[in-house]
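> The sequence isn't on hand, but the structure is:
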């Protein structure tokens, strides 16, 4: 039996919240699932199959922002169910995510924990420890609960109206909405004189991720959970001499080791007769979450820890994992608490000040350096995500615990670190994590050398045309495309989920799609200029509701708000355009979190004509004279978009879709069309099945739309890292005089997008 935990995130690299995975035989238990978790695990080669449970420390995007991607990943495996555990309000949080989590063949079982232990089927027991903020304890009375209309119920009505077949149906839906609003007012007036049930068919919150049209708004809780993790009883050692004296041989000894009774002649030999020593209780470890000073007193005064202070305790406390910032770690109260644990216990610190930055994106950095050599203007080197942080040392109050160089009691839990728990005689940090890492999910085909010549040829042609075009550009207000993610839903070490930032010179910027890790990609791209880029953000446009296109939205909104608050400014309200249920998700999240998100939401259907409700605002903030959308064939409520500036430039973006005539018409004459090319031509049948496009289909759409340039993006992992295979085939055919597949003009307008690539209007030739 081998049991260990591995560090996945530390927050030192902005990639994901502090998180770790416990591996017990073939089963795994995950602690925290922050945004970017799946991408991060893919980079490290960590597989999360056979996931027995997920435990979250808080109720916010830091603990749960990666849940949508994780569910999608689990549906791709044979696992059809996931048990998740967390503090009070977890059901409310997951309910707010419901339209990103929905899967007909996957079940989420949610448990809000108080003090009862959770017994996993692999013998592991997890004991929650509730930690409360002193802000909550200081409150004189609990906040009142407000009766409200389900935000997503409004979207349900609006969506039903959009599909209604008659004026009568639409009028009936309006009547239902008006009745609901009257009932809310009536119910609110009676709240003081009536006890509303916590859960009922009318007002309850349902684990099936549905809310009634009216419900009592949840009261935000400031509870957090820390966890005591008790490992299963260790199997006893077999005394070989005793076994031989009892007549046991070979296979019989194996059976005894597995706890089976064996017959020798007319005697039954039990395992107990062969024990060298009786079974020992398994070791345990603790996961502590204390994000700021307001939780310290509740944490350290909890009676749950007293059992571990005795150094003569039979049960081994292997380690305490501290998900705490330096401000907490440095406090006298917290330092004194750490010193109460036995000298044999190691403390693993997960925070951005002590931990090394993650090198798990080494594949990407190596790949990107090759692109930089081809064209440093288009692929200018990414800033290190953590370049604006200075690594610190242990506070003086704790450094004395590391006075013995042979036994470091406090260590930093760098990403990828493996900590052995069983066998007990090998307990501690594995010196060579690579040798003990989990199996690789898939080996990336970084085949740069194989396609280097073809890619270099394409880029050289682009550069030559760009130089000629740059001299002819006279428009004052140009734009830059920053590709933050060019991959499809399945995570890749070199391609993030969908995200494009368009920076309009002289105005602000906007984002088209916002998959998980978008904020991290911005940090990589802009480094010290990250804050200013966040403050320039005026608009976020979401093409459809799949999580790989909006999973990073919460993180971007929170960090944008922080950027203004750090400078003592009030954050201007950001505009969000997107599918139904996006508004409801954000409003419901605001109800239970400490983040009060400020945004104005508009559904994509409001922009299908020349006039739209924010036309003047778009012109003032972004220099946009026309912002139009059209329905595309991918999933319900999926849209493509086309943007025209006051200076005449025109760009179009397909989102995810099959080739669309309506999109081709809308995008007609675009300077740049950005189109998904999820599949290569060999997988066209799969593209049809999954409602995506392949290379030749994108070229056909670009040809019909008469665009100047078409940029290919949203590549599946099925494609090569440098997805030029189809272009090699096309060039070979053209060299033989065969133009039945594509023409020279088709290839001249094609650009392949890569993560962190920048295209300027001044460089995009016509």
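Cool, the structure landed. Keep in mind that what you see is a predicted model, and the values were worked out from it rather than measured.
> least trustworthy helix or strand in the chain by mean pLDDT?
helix 433-436 (a mean of 42; mean pLDDT, DSSP states H and E).
> okay, residue 587: pLDDT?
We have a pLDDT of 81 for residue 587.
> Tell me the buried residues in stretch 667-674?
The neighbour-count check on stretch 667-674 (16 or more other CB atoms under 10 Å) flags 667, 670, 671, 672, 673, 674 as buried. Where C-beta positions appear, they are placed from N, C-alpha and C, glycine not excepted.
> Ok, stretch 252-259 next?
252, 253, 256.
> So which residues of the stretch 451-600 of the chain form helices?
Applying DSSP state H, counting those that start in this stretch to the stretch 451-600 of the chain gives helices spanning 518-526, 530-535, 547-550, 553-566, 582-592.
> and the third one, what other elements does it pack with?
Contact here means 3 or more CB pairs under 8 Å, 6 or more residues apart in numbering; DSSP states H and E; on that basis helix 547-550 packs against helix 67-75, helix 98-101, strand 509-514.
> which one of those lies closest to residue 704?
Smallest distance to residue 704 across the helices and strands packed on helix 547-550 (CB to CB): 21.6 Å, for strand 509-514.
> so for the closest one, what's the average pLDDT?
If you average the pLDDT values across strand 509-514, you get 96.
> Name the residue most distant from the centre of the protein?
residue 266 (61.3 Å; CA atoms, centre = their mean).
> Quick check: pLDDT value at that residue.
In this model, residue 266 is scored at 81, pLDDT.
> Residue 320: what secondary structure?
Following DSSP: H, G, I helix; E, B strand; the rest coil, residue 320 is assigned to strand.
> Then residue 397?
Assigned with three-state DSSP, residue 397 falls in the helix class.
> surely it meets residue 333?
No. Between residue 397 and residue 333 there is no contact under CB atoms under 8 Å: 10.4 Å.
> the more surrounded of those two?
Comparing residue 397 with residue 333 by other CB atoms under 10 Å, the one with more neighbours is residue 397, at 16 against 13.
> Nearest residue to the more buried one in space, please, no chain neighbours.
residue 335 (4.0 Å; CB to CB, 6 or more residues apart in numbering).
> Quick check: which ranges of the stretch 251-400 of the chain have low pLDDT?
356-392 (pLDDT under 70).
> Tell me which stretches of it form helices.
296-300, 326-329, 332-339, 362-374, 396-399.
> Name the residues that touch the first one?
With CB atoms under 8 Å, 6 or more residues apart in numbering as the test, helix 296-300 has contacts from 131-134, 137, 226, 288, 290, 328, 331, 333-334, 336-337.
> Quick one: end-to-end length of stretch 676-684, please.
End-to-end distance for stretch 676-684, by CA to CA, to the nearest Å: 13 Å.
> where does residue 24 fall, phi/psi-wise?
Dihedral pair for residue 24: phi -120, psi 100, per degrees, to the nearest 10.
> which residues does it contact?
Contact analysis of residue 24 by CB under 8 Å, 6+ apart lists 3, 122, 123, 124, 231, 232.
> Just checking: the least confident one among the residues you listed is which?
Least confident of the contacts of residue 24 in the model: residue 122, at 80.
> Now that one. Nearest residue, chain neighbours left out?
Nearest non-adjacent residue to residue 122, counting by CB to CB, 6+ apart: residue 27, 4.4 Å away.
> which residues does that neighbour bridge with?
Legend: beta-bridge partners of residue 27 under DSSP bridges are residue 24.
> residue contacts, it?
Taking CB under 8 Å, 6+ apart, one finds 50, 51, 52, 120, 121, 122 in contact with residue 27.
> give me that answer again for 7 Å
Contacts were defined as CB atoms under 7 Å, 6 or more residues apart in numbering; by that measure residue 27 touches 50, 52, 122.
> quick one: it and residue 730, what's the gap?
For residue 27, the distance to residue 730 (CB to CB, to the nearest Å) stands at 48 Å.
> pLDDT below threshold where in the stretch 1-150 of the chain?
For the stretch 1-150 of the chain, the stretches flagged by pLDDT under 70 are 12-16, 99, 101-104, 136-150.
> All the helices of it, residue numbers only.
37-44, 61-64, 67-75, 90-96, 98-101, 134-138.
> mind putting these in JSON lines, mean neighbour count and distance to residue 571 included?
JSON lines is the format used below for these (neighbours: other CB atoms under 10 Å; distance: least, CB to CB, whole Å):
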{"stretch": "helix 37-44", "mean neighbour count": "27", "distance to residue 571": "27"}
{"stretch": "helix 61-64", "mean neighbour count": "27", "distance to residue 571": "17"}
{"stretch": "helix 67-75", "mean neighbour count": "22", "distance to residue 571": "25"}
{"stretch": "helix 90-96", "mean neighbour count": "24", "distance to residue 571": "21"}
{"stretch": "helix 98-101", "mean neighbour count": "20", "distance to residue 571": "24"}
{"stretch": "helix 134-138", "mean neighbour count": "12", "distance to residue 571": "22"}
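> Out of these, the one nearest residue 401 is which?
helix 134-138 (26.9 Å).
> now the strands for the stretch 651-766 of the chain?
For the stretch 651-766 of the chain, applying DSSP state E, counting those that start in this stretch gives strands covering 672-676, 709-713, 750-752, 758-760.
> For the second one, which helices and strands make contact with it?
If contacts are counted by 3 or more CB pairs under 7 Å, 6 or more residues apart in numbering; DSSP states H and E, strand 709-713 sits against strand 672-676, helix 695-705, strand 750-752.
> Can you check what angle separates it from strand 672-676?
Angle of strand 709-713 versus strand 672-676, following axes from the mean of the first three to the mean of the last three CA atoms, to 10 degrees, is 30 degrees.
> Mind listing the strands strand 709-713 pairs with, and their directions?
According to DSSP bridges, strand 709-713 forms sheet pairs with strand 672-676 (parallel), strand 750-752 (parallel).
> Report the rounded mean pLDDT for the shortest one.
Per-region confidence: strand 750-752 scores 89 on mean pLDDT.
> show me where the stretch 151-300 of the chain has strands.
Under the criterion DSSP E, counting those that start in this stretch, the stretch 151-300 of the chain contains strands at 214-216, 223-230, 262-264, 267-269, 284-289.
> Just the pLDDT for the residue nearest to residue 518 when sequence neighbours are not counted.
In space, and not counting its chain neighbours, residue 518 is closest to residue 552: 3.6 Å by CB to CB, 6+ apart. pLDDT, residue 552: 89.
> Now residue 32. Nearest residue, chain neighbours left out?
Leaving out its chain neighbours, the residue that sits closest to residue 32 by CB to CB, 6+ apart is residue 19, at 3.8 Å.
> who touches the one you found in this structure?
Applying CB under 7 Å, 6+ apart, the residues near residue 19 are 8, 9, 31, 32, 33, 34, 37.
> Run a quick neighbour tally on the second one.
So the one you mean is residue 9. Residue 9: 31 surrounding residues under other CB under 10 Å.
> Any idea what it is bridged to?
With DSSP bridges applied, residue 9 shows beta-bridge pairing to residue 19.
> My guess is it contacts residue 40. True?
Yes. The criterion here is CB atoms under 7 Å, and residue 9 meets it with residue 40 at 6.1 Å.
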